[in-house]
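# pasting the structure only:
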């Protein structure tokens, strides 16, 4: 598919860090992880991917694991899948009581009931599969940060489509989908020394639009005309942030300005409970934040 780049929305006046729409409170800081990268949930339990002892996202060293915890942050299983060798697992998603895992250059689907692998696919062109987002019962998107690619997996047909975003979305990382508009929101971390942007990628037209200033963006979540995304900061200002963007008002607001997060990654948002489960890779911590 041809992807078209359109106008860039970077006007500083749209990004008002002083504006406060909601109050946010950190209700728990859960320690004891090993470079936690992603959180997902079946609304009973919460699952956290851990790269392992070292921050090596492309390593195939078999020391990665998935932790299962309760909604209050109590760790139930430090290693939920002890019989499955994982390398540096990152993105997670749940569909039909199955856990999807992006692990370096392969995607695994694991039954939460049996804890066995029921499907897998290798992606030999990449060493950095990152986030996973579910569109519907058959369509899954997976980002490959190192090669600027987004894969569309048709799970039922067992086929893969490739979207090449080279030069348009630098270092595609986290993703979130708006099924009403067929827009895929992609958090770009950046690549080759260049920063990334949050981009809106229309899956029908192929149009790509940058909708943020430059940064090093990681996790993103879309719900009810709002999206939330995390930013690692810059070399000059290595302060991790959470941003809230309201599509209606075209404004972004920094949340929890008083908190210096380190390596905020692919979080999980619970709309009904107004909770965010935020893994911070450089702190080995998952923060539970109440909105």
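Perfect, I can see it now. Fair warning: this is a prediction, and the values are worked out from it, not measured in the lab.
# only C-alpha atoms for contact and neighbour calcs from this point on.
OK.
# So, low pLDDT: which residues of the stretch 51-200 of the chain?
For the stretch 51-200 of the chain, no stretch has pLDDT under 70.
# Helices along that one, start to end?
For the stretch 51-200 of the chain, applying DSSP state H, counting those that start in this stretch gives no helices.
# need the contact list for residue 70.
The contact partners of residue 70, by Cα atoms under 8 Å, 6 or more residues apart in numbering, come to 44, 45, 46, 76.
# Tell me how far the first one lies from residue 97.
Okay, so that is residue 44. Distance of residue 44 to residue 97, computed by Cα to Cα, to the nearest Å: 11 Å.
# Same check on the third one?
In this structure, residue 46 and residue 97 are separated by 13 Å, where distance is defined by Cα to Cα.
# Over to the second one?
Between residue 45 and residue 97 the distance is 12 Å, computed by Cα to Cα.
# Could you do residue 291 as well?
27 Å.
# Show me which of those two is the more surrounded one.
Legend: neighbour count by other Cα atoms under 10 Å for residue 291 and residue 97, higher for residue 291 (15 against 12).
# what's that one in contact with, if anything?
Residue 291 touches 22, 23, 24, 25, 274, 275, 276, counting by Cα under 8 Å, 6+ apart.
# is it true that the fifth one touches residue 223?
Looking back up the chat, that one is residue 274. No - taking contacts as Cα atoms under 8 Å, residue 274 lies outside contact range of residue 223: 11.3 Å.
# higher neighbour count, those two?
Neighbours of residue 274 and residue 223, each counted by other Cα under 10 Å, are more numerous for residue 223; the result is 14 against 11.
# Give me the distance between the more buried one and residue 175.
With Cα to Cα as the criterion, residue 223 and residue 175 are 12 Å apart.
# same thing with residue 52?
23 Å.
# next one: residue 206
On the measure of Cα to Cα, residue 206 and residue 175 end up 16 Å apart.
# One more: residue 158?
For residue 158, the distance to residue 175 - Cα to Cα - is 21 Å.
# Residue 265 too?
Relative to residue 175, and taking Cα to Cα, residue 265 is found at 12 Å.
# Overlap of the contact sets of the two?
Taking Cα under 8 Å, 6+ apart as the contact rule, residue 265 and residue 175 both touch residue 219.
# which residues touch residue 258?
Residue 258 neighbours (Cα under 8 Å, 6+ apart): none.
# For the spatially closest residue to residue 66 that is not a sequence neighbour, the count of nearby residues, please.
Taking Cα to Cα, 6 or more residues apart in numbering, and ignoring the residues beside it in sequence, residue 66 has residue 49 as its nearest neighbour in space, at 4.6 Å. Other residues near residue 49 number 30, with proximity taken as other Cα under 10 Å.
# what bridges to residue 49?
residue 38, residue 66 (DSSP bridges).
# How much space separates it from residue 201?
Taking Cα to Cα, one finds residue 49 at 26 Å from residue 201.
# what do you get for residue 184?
Relative to residue 201, and taking Cα to Cα, residue 184 is found at 5 Å.
# Who has more neighbours out of those two?
Remark: of residue 184 and residue 201, residue 201 carries more neighbours, 24 against 21, as counted by other Cα under 10 Å.
# residues contacting the more buried one?
183, 184, 185, 186, 207, 208, 209.
# for residue 154, same thing?
Neighbouring residues of residue 154 by Cα under 8 Å, 6+ apart: 138, 139, 140, 160.
# hang on, the earlier thing: would you reformat the contacts of residue 291 as TSV and include pLDDT and secondary structure?
Output for those, formatted as TSV (pLDDT from 0 to 100; DSSP: H, G, I helix; E, B strand; the rest coil):
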residue	pLDDT	secondary structure
22	58	coil
23	77	coil
24	89	coil
25	94	strand
274	89	coil
275	94	strand
276	96	strand
